[in-house]
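Visitor: return atomic coordinates for the entry below.
(chains A and B)
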Amino acid sequence: MKRTMFIILFAALILTALMFTACGPTDAAVEDAEDIDDSTAEGAVDAVLADELADADDSVEIGEMI
Amino acid sequence: MKLKYIFAVLFVLILAALPMAAATGADTVTNNADNQGNDIVVNSDNGQADTEVEAKAEVANDEVKVAEKTTLQARERIRTAQYFRNNQGAQVRVMQLNKQVMQNHAAGEFVLAYVQENYPDMDTTELESIRADIETLGEEANAISLEELTKEEALAQFEAIREEAKELSTQFREGVHTIVPEEELDALRKQVKEKAQERVKEKQAEIEAKVKEQNRERMSEVLEELGVNIEEVKTKLQAGEMTAQEAKLKLNKHISAMNQEKKEGLKNMAQEFRARTGVAHQKMMNNINKEDVDALRAQLRDRVEAFQENHPLPDMGAN
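Guide: Take a look at the predicted model:
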């Protein structure tokens, strides 16, 4: 019986971890300087770097051809 | 004993529901206006009220879209100003513009090939001409003399080319929509995007190399501005033995090890730095007035026309 309880609880933990992963924020949102919480030293420096460092994936918006 | 199992199952369900509840809450906040409109439609019973409410919801949705677009445009303008703070950054931004123009030019080629194959009776002369104009804009972007112009002048030229490319892309897109039926557009869009991205792979690699090199230098400068002195990072960045991303990891460790007083000092310095540069970027964008950009666009159009007169349209064969 203890083993069954352990399996159920273990499954609950795995399920919770998976759900948090699925519902969590995307990387893109975290990387945007506007979304960085700059109320800590780490956050404030991260926000500066997000502004100051170039990103090879940044694009210039000119619209689509189709 | 059974009760224990019931509790365990309930525990599982509650734990699983927690993240979903958190995510739903966040969505409600970010898409508030969208959801408001949709909710109204669902709750209405009367037919006439439905129509009115649907119209209101549509207006609300359009307003949300316009607001989102305006925010994105404002962010992109500030981002461009951040790149134009120095010549190297401006070079990267110009490369990004050039890549985007090349990508649209390639997309135009694939779209035209599709139209010519599937709708051979349609006249595509105008579309071919627009596509050729877009190609010339790529050359114009490369020709911006970053060494000779002030930041504001270079930025105005960049904006003129970007605006012109945007307008030509819109004209091309609208022209295609008069020929290709809507039900074919999604599949074609996907196919064209993949092919066009493939065409600019080399350019993207060039941008990545340039960004890597520039970020090393910028990282050193920012560390100095913030008064952070990590000798190992400084030396390795200068010698090209460390990327900006690797330096960032070292920096995070360095900050974690600081005492509260030093952390507070660094935080204030970083916030002040950001406020100062933010004002400078905004000022730079404000100095670019619409009349200057429009005048540059008029000159640009003359040059593009002159170029087209002297050069025949490129071969339209699809790859």
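Visitor: near chain A, anything from stretch B:92-110?
Guide: Yes: between stretch B:92-110 and chain A, judged by Cβ under 8 Å from any Cβ of the partner chain, the touching residues are B:92-93, B:96-97, B:99-101, B:104, B:107-108. Glycine gets a C-beta too; all of them are placed from N, C-alpha and C.
Visitor: report the two of those separated the most.
Guide: B:V92 and B:G108 (24.7 Å; Cβ to Cβ).
Visitor: of the two, who's got more company?
Guide: Neighbour comparison, B:V92 and B:G108: the larger count goes to B:G108, with 27 against 22 (by other Cβ atoms under 10 Å in any protein chain shown).
Visitor: where does the more buried one land on pLDDT?
Guide: The per-residue pLDDT reported for B:G108 equals 98.
Visitor: leaving out sequence neighbours, find the closest residue to it.
Guide: B:R131 (3.8 Å; Cβ to Cβ, 6 or more residues apart in numbering or on different chains).
Visitor: show me the contacts for that neighbour.
Guide: Remark: with contacts taken as Cβ atoms under 8 Å, 6 or more residues apart in numbering or on different chains, B:R131 is in contact with B:105, B:108-109, B:112, B:172.
Visitor: any stretches of the chain with poor pLDDT?
Guide: Let's take chain A. Regions of chain A meeting the criterion pLDDT under 70 cover residues A:1-2, A:5-6, A:8-9, A:11-32.
Visitor: wrong chain, I was asking about chain B
Guide: In the prediction, chain B carries residues with pLDDT under 70 at positions B:1-46, B:312-319.
Visitor: what about the helices in it?
Guide: In chain order, chain B shows helices spanning B:2-30, B:32-43, B:47-83, B:87-118, B:125-142, B:151-177, B:182-199, B:201-225, B:231-238, B:244-256, B:260-287, B:290-310, with DSSP state H as the criterion.
Visitor: buried stuff in the fifth one?
Guide: This means helix B:125-142. Residues of helix B:125-142 classed as buried under the neighbour-count rule (16 or more other Cβ atoms under 10 Å in any protein chain shown) are B:127-128, B:130-138, B:140-141.
Visitor: swap in the longest one?
Guide: Residues of helix B:47-83 classed as buried by neighbour count (16+ other Cβ under 10 Å): B:53, B:57, B:60, B:64, B:77-83.
Visitor: again, but for stretch B:197-211
Guide: B:199-200, B:203-204, B:207, B:210-211.
Visitor: ok, B:F158 to B:E128 distance?
Guide: Counting by Cβ to Cβ, to the nearest Å, the separation of B:F158 from B:E128 is 27 Å.
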